[in-house]
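[1] mind folding the following:
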Amino acid sequence: MEQAKKQKNELWEWSKALLIAFGLAAIIRFFLFTPIVVDGESMMPTLENGDRMVVNKIGYMVGEPDRFDIVVFHAPEQKNYIKRVIGLPGDHVEFINDQLYVNGKEVDEPYLDQYKSEITDGTLTEDFAIEGTPADEEIIPEGYIFVMGDNRRYSKDSRHIGLVAIDEVIGNTNIVFWPLNEIGFIK
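    Residues are numbered from 1 along each chain as shown. The predicted structure follows:
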């Protein structure tokens with residue numbers, strides 16, 4: 001009798017421990033951090049197709065994206081995209097001769113230096129300026145960001161899908177956890 005009661009109590013303790021563990025895992029997964037797999041080559045050479053990353057969901061609950069953050073957002077095709085923030089609310093963004101200009105000032109993109117040096121035919125980023133914002137101004141309105149992939153020639157980004165509402169941003173990511181030889185932080 002005493003043995004059966006002890007086994008029942010032990011089973012109850014294990015059940016509680018497992019429920020708590022699953023509950024914590026669900027909270028972490030849905031509200032704080034989530035894994036994502038890079039699908040495609042639009043962020044090469046920074047990220048490779050198949051890289052597995054951790055998305056920080058809490059960062060933008062308390063703050064706003066910064067220029068050059070790598071963000072994950074809901075795209076129009078019912079997919080999640082991974083891109084780099086280039087323009088913030090109030091910015092005028094343009095590229096001239098493969099050089100980024102924000103509000104008329106030249107801005108370096110050091111994460112593209114290696115890629116640009118490998119290109120022998122033309123530029124990585126064709127000339128363009130943002131368009132189609134309220135009041136016919138060429139600035140990014142409040143509540144939106146302009147994003148681009150690092151592989152500019154082969155990236156479906158704000159040049160094609162338009163500005164991204166900050167509300168659609170899931171979070172930022174800068175940690176690769178798979179494959180093992182690429183584990184680390186992304187700049």
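
[2] contacts, neighbours, all on C-alpha from now
    Noted.

[3] may I see the buried residues of the longest strand seen in the chain?
    As assigned by DSSP state E, the longest strand anywhere in the chain is strand 169-178. Going by neighbour count (16 or more other CA atoms under 10 Å), the buried part of strand 169-178 is Val169, Ile170, Gly171, Asn172, Thr173, Asn174, Ile175, Val176, Phe177.

[4] please name the nearest non-neighbouring residue to the residue nearest the centre of the chain.
    In the chain, the centroid-proximal residue (CA atoms, centre = their mean) is Val71; its distance is 1.9 Å. Nearest non-adjacent residue to Val71, counting by CA to CA, 6 or more residues apart in numbering: Asn172, 4.2 Å away.

[5] got a list of what the one you found touches?
    By CA atoms under 8 Å, 6 or more residues apart in numbering, the contact list for Asn172 reads Val55, Asn56, Lys57, Gly59, Tyr60, Pro65, Asp69, Ile70, Val71, Val72.

[6] out of those residues, which are inside helices?
    In helices, judged by DSSP state H, the following of the contacts of Asn172 are found: Gly59, Tyr60.

[7] out of the contacts of Asn172, which are buried?
    Buried among those by 16+ other CA under 10 Å: Val55, Asn56, Lys57, Gly59, Tyr60, Pro65, Asp69, Ile70, Val71, Val72.

[8] low pLDDT regions in this protein?
    Within the chain, the ranges that satisfy pLDDT under 70 run 1-6, 8, 23-33, 61-62, 120, 131-137, 180, 184.

[9] can you pull out the strands in it?
    Assigned by DSSP E, the strands in the chain fall at 33-37, 52-56, 70-74, 80-87, 93-96, 99-102, 105-107, 128-129, 144-148, 164-165, 169-178, 184-185.

[10] can I get these in JSON lines with distance to Lys156?
    Formatted as JSON lines, the strands of the chain follow (distance: least, CA to CA, whole Å):
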{"stretch": "strand 33-37", "distance to Lys156": "17"}
{"stretch": "strand 52-56", "distance to Lys156": "20"}
{"stretch": "strand 70-74", "distance to Lys156": "13"}
{"stretch": "strand 80-87", "distance to Lys156": "9"}
{"stretch": "strand 93-96", "distance to Lys156": "16"}
{"stretch": "strand 99-102", "distance to Lys156": "18"}
{"stretch": "strand 105-107", "distance to Lys156": "22"}
{"stretch": "strand 128-129", "distance to Lys156": "15"}
{"stretch": "strand 144-148", "distance to Lys156": "8"}
{"stretch": "strand 164-165", "distance to Lys156": "12"}
{"stretch": "strand 169-178", "distance to Lys156": "16"}
{"stretch": "strand 184-185", "distance to Lys156": "24"}
